[in-house]
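Chemist: Here you go, sequence then predicted model.
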Amino acid sequence: MTSPATTLKLAANRAAGPEMDRLLEVMARLRDPDGGCPWDVEQTFETISAYTIEEAYEVAEAIAQGDISELRKELGDLLFQVVFYAQMAREQGDFDFSDITKSVSDKMIERHPHVFADVTVDGTHAQSVAWETQKANERAARAKAEGRAPSVLDDVTPGFPALMRAQKLQKRAARVGFDWPDIEGAMAKIAEETEELKHELAEGGDETRIEAEIGDLLFSLVNLSRWAGADAETALRGANRRFEQRFRYIEDSLAAEDRRTTDATLEELESLWQAAKQADQAQINKSNTNQRGPKE
């Protein structure tokens, strides 16, 4: 029996139906060779894939910034990418938007028998185990259909950003016991890879070997982030954001004196960098105080 809450949600989804139809019509019009947009008409799966990745990152950035208004816009842009693919596939006679939505609905129902069928799951951990078991079965079935042996690393997409893919590869390997016994092993591996990189640099190693050692060190740092419970991609994105904010602080501080970064000494730049870090920490402390509220 459908619950009242579910009924309300279904009603809201039906209300969104006309706007979804309108978006599909807009896309079809843009792709119409007779009077459509020349740029849209010329696009292929390959040419717009980079835009899809870009839109996904912009969604993530809006979330990181806590900007709900911008998130709504970016989610619209990301949805438009899906509609774009669906329209091109429909033109080729492969599939359409309804096939996409049916496929994902079927998959979610199949992967959540504790919600859509008479299966009981005892807590979040058990749900995660059941989810991974279902995905493993799907990978095995796909490998069998392709006439090859399945791998625990199957479907860790090569197109993922390198840090994200490294973390996913490590998680998959850890599920079958290929992992350090504790975080100390991950820390020791970083020290080992750092020494190997130092050796290559000291020996004047060629670019290929140095690049390989840097890659191994980065991979080890990702492993440490996994052990520490941090997402490597999110961590680096945060570091990028902090660097940009602090560097802009340096630029603004010098501009207030009618100077540029090229006019300052390294010592002056470092002093301003430390001031920017202190300003960051003061803002964090203020934010934490506001979240805790006044003392009782």
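Modeler: Structure's in. What do you need? Residues are numbered from 1 along each chain as shown.
Chemist: moving C-terminal of the worst-scoring helix or strand of the chain on mean pLDDT, what's the next helix or strand?
Modeler: One helix or strand of the chain scores below all others by mean pLDDT, DSSP states H and E: helix 4-30, with a mean of 76. Scanning forward in sequence from helix 4-30 by DSSP states H and E, the next helix or strand is helix 38-42.
Chemist: Point out where the stretch 151-296 of the chain drops to low pLDDT.
Modeler: The stretch 151-296 of the chain contains residues with pLDDT under 70 at 284, 286-296.
Chemist: the strands in it, which residues?
Modeler: Read by DSSP state E, counting those that start in this stretch, the stretch 151-296 of the chain holds no strands at all.
Chemist: can you give me the helices in it?
Modeler: For the stretch 151-296 of the chain, applying DSSP state H, counting those that start in this stretch gives helices covering 162-175, 183-202, 207-227, 232-255, 266-292.
Chemist: any chance of the ones you listed in JSON lines, with distance to Tyr51 and mean neighbour count too?
Modeler: Any C-beta I mention is one placed from the backbone N, CA and C, and that applies to glycine too. As requested, these are arranged in JSON lines below (distance: least, CB to CB, whole Å; neighbours: other CB atoms under 10 Å):
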{"stretch": "helix 162-175", "distance to Tyr51": "19", "mean neighbour count": "17"}
{"stretch": "helix 183-202", "distance to Tyr51": "36", "mean neighbour count": "14"}
{"stretch": "helix 207-227", "distance to Tyr51": "27", "mean neighbour count": "17"}
{"stretch": "helix 232-255", "distance to Tyr51": "19", "mean neighbour count": "15"}
{"stretch": "helix 266-292", "distance to Tyr51": "33", "mean neighbour count": "12"}
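Chemist: Dump the ones you listed into a markdown table; add distance to Ile48 as well.
Modeler: Shown next, in a markdown table, are the helices of the stretch 151-296 of the chain (distance: least, CB to CB, whole Å):
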| stretch | distance to Ile48 |
| --- | --- |
| helix 162-175 | 21 |
| helix 183-202 | 38 |
| helix 207-227 | 29 |
| helix 232-255 | 23 |
| helix 266-292 | 37 |
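Chemist: Which residue ranges of the stretch 1-150 of the chain form helices?
Modeler: 4-30, 38-42, 45-65, 68-91, 97-111, 113-116, 123-145.
Chemist: mind checking how far stretch 148-160 is from the chain centre?
Modeler: Centroid separation for stretch 148-160 versus its chain: 18 Å, with CA atoms, centre = their mean, to the nearest Å.
Chemist: I meant stretch 141-150, not that one.
Modeler: A distance of 28 Å separates the centroid of the chain from that of stretch 141-150, by CA atoms, centre = their mean.
Chemist: ok, residues contacting that stretch?
Modeler: Stretch 141-150 has contacts (CB atoms under 8 Å, 6 or more residues apart in numbering) with 139-140, 151, 154-155.
Chemist: give me that answer again for 10 Å
Modeler: 136-140, 151, 154-155 (CB atoms under 10 Å, 6 or more residues apart in numbering).
Chemist: Kindly report the same for stretch 56-69.
Modeler: Around stretch 56-69, the neighbours that count as contacts under CB under 10 Å, 6+ apart are 70-78, 81, 161, 233-234, 237-238, 241.
Chemist: Now do it, average pLDDT.
Modeler: Regarding stretch 56-69, the rounded mean pLDDT is 92.
Chemist: in that stretch, what's buried?
Modeler: Residues 58-59, 62 are the ones in stretch 56-69 that count as buried (16 or more other CB atoms under 10 Å).
Chemist: quick one: which of these is nearest Asp106?
Modeler: Val59 (24.6 Å; CB to CB).
Chemist: Please determine how far the closest one is located from Arg246.
Modeler: Using CB to CB, to the nearest Å, we find Val59 at a distance of 25 Å from Arg246.
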